[in-house]
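Participant: attaching a predicted model along with its sequence, questions to come.
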Amino acid sequence: MRYPFGQQRQRWTPYLLLLPGMFFYVMVALGPSIATSFYSFTDARGISGAPVNWVGLDNYDEFLFQGQAAKDNLDHLKRTLYFCVAVSTVQFSLGLLVALLLTQGLPGTRFFRTLFFMPVILGVVIQGLIWTLFLYPLGGPVSEVLERLGMYSELLGGQDAFWWVIVVQIWSNMGITMMIFIAGLQSIPTEVTEAAQIDGANRWQNFAHVTWPMLTPSVNTNLLLNIIGSLQAWQLFLVLIGYRNGTQVLGYVIYAVGFGQTSGSVTTVFRQGYAAAASMVMFALVLVIGLSTQYILRRREERLLG
Amino acid sequence: MNNIMKNHANTLGAGLLQRVRISPWHLASYAILLALTVVYLGPLLIMVNTSFMTTREFMRDATSIPDELQFENFSEAWHKANFSQYMMNSLIYAGSATVIYVITAVFLSFPIARRYVRGWNTLFTLFVIALFLPPALIPQFQLILNLGLYNTRIGYILLLVTNPIGIIILVNSMKSIPRELDEAAAIDGCSYFRFVLTIIFPLARPAIATVVVLHAIGIWNELILATIYLTNQDYYPITRGMIVFQGVYGFNWPVLAAGIMIMALPMVILFLFLQRYIISGLTGGAVKG
Amino acid sequence: MRRMHAFTLVFVLILSLVMGIQVQAQDNVTLRVLIHQHPPMVEYMENFSDAFTEKYPNIKIDLSVVNANDLSTVTQTRLTAEDVDIIDVFGFSNSVQPYMKGATPPNWQVMIESDLLLDLTGQSFLDYYDPVAIRDSGTYMDKVYEINLGRVIYSGIYYNKDMFAEFGVEVPTTWDELVAACDVFKGEGIGCMTQGGGDGWPIFVGAYGLLGSLFPDQAAYVEGLWTGDIKFNDEQSLVMWERMKVYAQDFMERGASGIPGDAAPGRFAAGAVAMYPAGSWRAAQIDAAEPDFEWGYFPWPGSDNVEDNQHWFGKYDMGWSIAASTPHPEEALLFLEEFSLPENYQAFIDAVEFIPTQPTAVLDSHLGEEIAPYLPNFLVGYEQYWVTPTGAGQWAFPYASFFEPFNEWGDPQELANRAQADLQTGLDNVSSD
């Protein structure tokens, strides 16, 4: 594009000025991410002074193929996918529903909007602690209600823990999905929906054939953010239940292997080369799912909006 | 007479119809919203309620309303959790990292939005793929270590001055600033640097405000990097302080709840004041995908 | 003449150098000490550090406290960054034995092999300590790298003396007696046991006593699992699993899975349950919760034979090591020396209630009385010997917390088979390398 601020020497100014931002990004984010791939081919422990040797594909072999541990890793992978599907579908649908409800101009809309977005700004630690309290087994609100109904659940301590983390994850992040949909809905000109109404379309037809297609950009953004976000999310697990057999997701496994898991006084050995290999496996998963989602959504967007 | 009224009702806009009649849709909407409100407000209210109890009341019945409001919980939490210091730390981290980030980000986003640099598409893609990148915890660690910045405030802040999503939001919003402004300014003899600084910054204010809020909130609530890189208690941000506090007070929920409320307060206030920026920013930027 | 000038110059230079070094030695030094969160110990360390600086005004102590769960990570990273002088390490354990093929060495061993820890062999303060303790918990390849400050027991059961008396229950000495005792309490509507299931590990650590009473030689147990002489689904192991199930489902009170670890002592002290299978370090917390509470401590009676139920199982707990990279080795050694002086060490023991590793120190407290009868039968437990073979599955551990309601297993035989299968793939994996 034509640059109006001068030629020759002055032409370089934009390049120079974007360097700091680019420098930080490459040094702190992009570079280390790429370096993870190199680490995955070593047996780095993460303890300084320890010798670091090139081991080629050994880490990958161990993670994916060696013994029962590899089968456990595949379970972690499956569980991560499970988590992603459960969270994404509910979060997406709920966010859409709430956004639709809150764009009708009902009184109290602003209150609801603020309330539902509140968890997002409170952050992972507070989200986790709020729900730890809410699910307190010795007389907390949920356990009280269950008792009145004659039921009992171990809540976060037992086998339902994984489901509860899903619930908290959805609770915490639905607000973002909702906001993006609200923004998308507000950008649809009212004349279009009104015209359809006058033409005799009922509510459902209006939504399906007018609103929904025009919402495609926000749908795409939300789907992508939801899916990738829930594939990579694990910090709620840390705060709510800790590292427990049968509940681990890939992100947590990587952290635990790389930086050690302590139970009681015994800490598992640090194995950062191995953790890097696990990171690459997760990267591959995210890449495949993310790119295919992108592709499908792009095609659909072209079809619908031209 | 009836016909006239019916016509009247039909020809008026849908908005009036909504105001005049209470449709079943509205009832259904409120029912759903009410149910969700219980789910959202419930846990929050329980936290508030607990923060005013005594420990004994809590052990007896965790869902009872306290007889009197125990404000001592808050002062105990404030002192025991060393909140003043940790909050100051969080402010330092969020403040400095956000300022550095926003300035570098605008100078990064503008030329991409305007295509003033060759390879703008590649640059932009580098940020778009950021979502997909493998976790970089381990090489980051080696980097910070070798720079001698381990367990320093600067090292921690350094890790917080990037945010690809912000770049995407800024680029999208800057595209809608009219190009003629650039040319007009150039004709007037304004340099690129001065132009961006004095014209673009103010014009992109909504998007910048959004990015500022999102970035600052992200840093305020950040936990993992702080755990790894800040081992000196004097440097702890508020998230670390809270986890440590929970480790000691984990069973003393009333005081813990009071501490959580203190920690959440700044973010809530910030959000309530800056709501419209966030929304308008999301309208402008993220929707385009 | 010129030569005189030269000599004078050199002499002055050397003199100033020497004086410079002298001045340097008396400059202020700060020792960075890293410890884990344990309120009685932290309090003692704060007092000790103040007293130390009073005695040696040029040495200041910079004390960092981290959660016990974070200690290992923070230690690694700070050692790597050369950002610490004295570190708090648990007794050396889980080293790779000759029969363990392809096992990954524990973190502390890598630290030593990477020259991160200072060699303490020959230091005078080592003489204050029991040589067996030094050998078992602080030595590697005949060199000393840690002075261990005490042992703890994790296999005992606290009991509510008043409650036992009220219902006429005697301290159980066999498995059947324990079951009967629990039945009495549950019949009265009182929970039998509690523990901090919310933290995960307290449940299975609380059953280490059961494990130990069925396999008293824990070193041999670990070796047996590795060589195949002992299997997770052989007869004796099956007894263990069945009893673990009873422990998890019948003994533990409902809701234990959600109780935070630090809330359990308070629940026990408040009389919610009759017994509390926990480590000796909880005694101080029980007393802090209810100072007048009458409690006792007895070994886990997991076996049918009374003689098997008379051991204490535990580990070497906290100890000091010095970072090899420290710029102040003299001062760091002085710190350890001062700490090891018998009068100081005794004060430390009084504060934290460890089982002393100095022969002159005495654990003179209620806990000391309770553990004294079986103290000669102290043995290091499974947790300190076990190394997992690479490739083993996640169920290859004798953990009571695998049972419902804490996790997914209901049938002891099925769990036993699965545990063995998980272990076997690991063993097969390493033996094929």
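Facilitator: Looks like it came in fine.
Participant: what residues does the stretch 301-433 of chain C put near chain A?
Facilitator: C:315, C:317, C:383-384, C:390-396, C:402, C:404-408, C:421-422, C:425-426, C:428-429 (Cβ under 8 Å from any Cβ of the partner chain). Where you see a C-beta, it was placed from the backbone N, CA and C, and this is true even at glycine.
Participant: return the subset of the residues you listed lying in strands.
Facilitator: Counted as lying in strands by DSSP state E, out of those, are C:Lys315.
Participant: take the residues of the stretch 301-433 of chain C next to chain A and keep only those in helices.
Facilitator: Here DSSP state H is the test, and those give C:Ala421, C:Asp422, C:Thr425, C:Gly426, C:Asp428, C:Asn429 as lying in helices.
Participant: in the stretch 151-300 of chain A, which spans are helices?
Facilitator: Secondary structure of the stretch 151-300 of chain A (DSSP state H, counting those that start in this stretch): helices located at A:161-186, A:190-198, A:203-205, A:212-214, A:216-232, A:235-240, A:250-259, A:272-305.
Participant: distance to C:Pro342, mean neighbour count and mean pLDDT added to these, as JSON lines?
Facilitator: Formatted as JSON lines, those follow (distance: least, Cβ to Cβ, whole Å; neighbours: other Cβ atoms under 10 Å in any protein chain shown; pLDDT from 0 to 100):
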{"stretch": "helix A:161-186", "distance to C:Pro342": "49", "mean neighbour count": "23", "mean pLDDT": "90"}
{"stretch": "helix A:190-198", "distance to C:Pro342": "86", "mean neighbour count": "14", "mean pLDDT": "78"}
{"stretch": "helix A:203-205", "distance to C:Pro342": "85", "mean neighbour count": "11", "mean pLDDT": "76"}
{"stretch": "helix A:212-214", "distance to C:Pro342": "80", "mean neighbour count": "16", "mean pLDDT": "83"}
{"stretch": "helix A:216-232", "distance to C:Pro342": "55", "mean neighbour count": "22", "mean pLDDT": "86"}
{"stretch": "helix A:235-240", "distance to C:Pro342": "43", "mean neighbour count": "22", "mean pLDDT": "87"}
{"stretch": "helix A:250-259", "distance to C:Pro342": "39", "mean neighbour count": "24", "mean pLDDT": "84"}
{"stretch": "helix A:272-305", "distance to C:Pro342": "42", "mean neighbour count": "18", "mean pLDDT": "85"}
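Participant: could you dump those helices into JSON lines and include distance to chain C?
Facilitator: JSON lines is the format used below for these (distance: least, Cβ to the nearest Cβ, whole Å):
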{"stretch": "helix A:161-186", "distance to chain C": "9"}
{"stretch": "helix A:190-198", "distance to chain C": "49"}
{"stretch": "helix A:203-205", "distance to chain C": "43"}
{"stretch": "helix A:212-214", "distance to chain C": "41"}
{"stretch": "helix A:216-232", "distance to chain C": "21"}
{"stretch": "helix A:235-240", "distance to chain C": "10"}
{"stretch": "helix A:250-259", "distance to chain C": "5"}
{"stretch": "helix A:272-305", "distance to chain C": "9"}
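Participant: which residue does the stretch 51-200 of chain B bring closest to chain C?
Facilitator: Closest contact between the stretch 51-200 of chain B and chain C, by Cβ to the nearest Cβ, is at B:Tyr150 (3.8 Å).
Participant: now that residue: closest residue in space that isn't a chain neighbour?
Facilitator: C:Ala81 (3.8 Å; Cβ to Cβ, 6 or more residues apart in numbering or on different chains).
Participant: re the thing from before, who wins for proximity to A:Gln104 among the helices of the stretch 151-300 of chain A?
Facilitator: A:Gln104 sits nearest to helix A:161-186 of all those, at 9.9 Å, using Cβ to Cβ.
Participant: those residues of the stretch 251-400 of chain C touching chain B, which are they?
Facilitator: Going by Cβ under 8 Å from any Cβ, the residues of the stretch 251-400 of chain C near chain B are C:Ile259, C:Pro260, C:Gly261, C:Asp262, C:Ala263, C:Gly266, C:Ala270.
Participant: report how many residues lie close to the third one.
Facilitator: Okay, so that is C:Gly261. By other Cβ atoms under 10 Å in any protein chain shown, the residues close to C:Gly261 number 23.
Participant: cool, and the last one?
Facilitator: By the measure other Cβ under 10 Å, the count of residues near C:Ala270 is 12.
Participant: can you map out the strands along chain C?
Facilitator: In chain C, the strands defined using DSSP E lie at C:29-36, C:59-66, C:86-90, C:139-140, C:143-144, C:147-148, C:151-153, C:156-160, C:191-193, C:273-276, C:295-299, C:312-316, C:318-322, C:378-380.
Participant: typo on my end, it should be the stretch 101-250 of chain B
Facilitator: Taking DSSP state E, counting those that start in this stretch, the stretch 101-250 of chain B contains no strands at all.
Participant: ok and the residue in it nearest chain A?
Facilitator: Closest point on the stretch 101-250 of chain B to chain A, by Cβ to the nearest Cβ, is B:Asn221, at 2.5 Å.
Participant: what sits closest to that residue if chain neighbours are left out?
Facilitator: Nearest one to B:Asn221, counting by Cβ to Cβ, 6+ apart, is A:Gly123 at 2.5 Å.
Participant: of the residues of the stretch 301-433 of chain C next to chain A, select the buried ones using a ChimeraX command.
Facilitator: Applying 16 or more other Cβ atoms under 10 Å in any protein chain shown to those, the buried members can be selected in ChimeraX as follows:
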select /C:315,317,383,384,390,391,392,393,394,395,396,402,404,405,406,407,421,422,425,426,429
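Participant: measure A:Arg300 to A:Ile182 for me?
Facilitator: To A:Ile182, A:Arg300 is 22 Å away according to Cβ to Cβ, to the nearest Å.
Participant: please apply the same query to C:Gly271.
Facilitator: In terms of Cβ to Cβ, C:Gly271 sits 54 Å off from A:Ile182.
Participant: please apply the same query to C:Ala220.
Facilitator: As defined by Cβ to Cβ, C:Ala220 lies at a distance of 67 Å from A:Ile182.
Participant: what does B:Ile168 give?
Facilitator: Between B:Ile168 and A:Ile182 the distance is 19 Å, computed by Cβ to Cβ.
Participant: follow-up on the earlier one: what subset of the residues of the stretch 251-400 of chain C next to chain B is buried?
Facilitator: Buried members of those, scored by 16+ other Cβ under 10 Å, are C:Ile259, C:Pro260, C:Gly261, C:Asp262, C:Ala263, C:Gly266.
Participant: do I have it right that the fifth one meets C:Gly196?
Facilitator: Yes. Applying Cβ atoms under 8 Å, one finds C:Ala263 in contact with C:Gly196, separated by 6.5 Å.
Participant: that's a helix at B:Ala35, yeah?
Facilitator: Yes. Per DSSP: H, G, I helix; E, B strand; the rest coil, B:Ala35 lies within a helix segment.
Participant: any idea how many residues pack against it?
Facilitator: 10.
Participant: just the pLDDT at it, thanks.
Facilitator: What the model reports for B:Ala35 is a pLDDT of 93.
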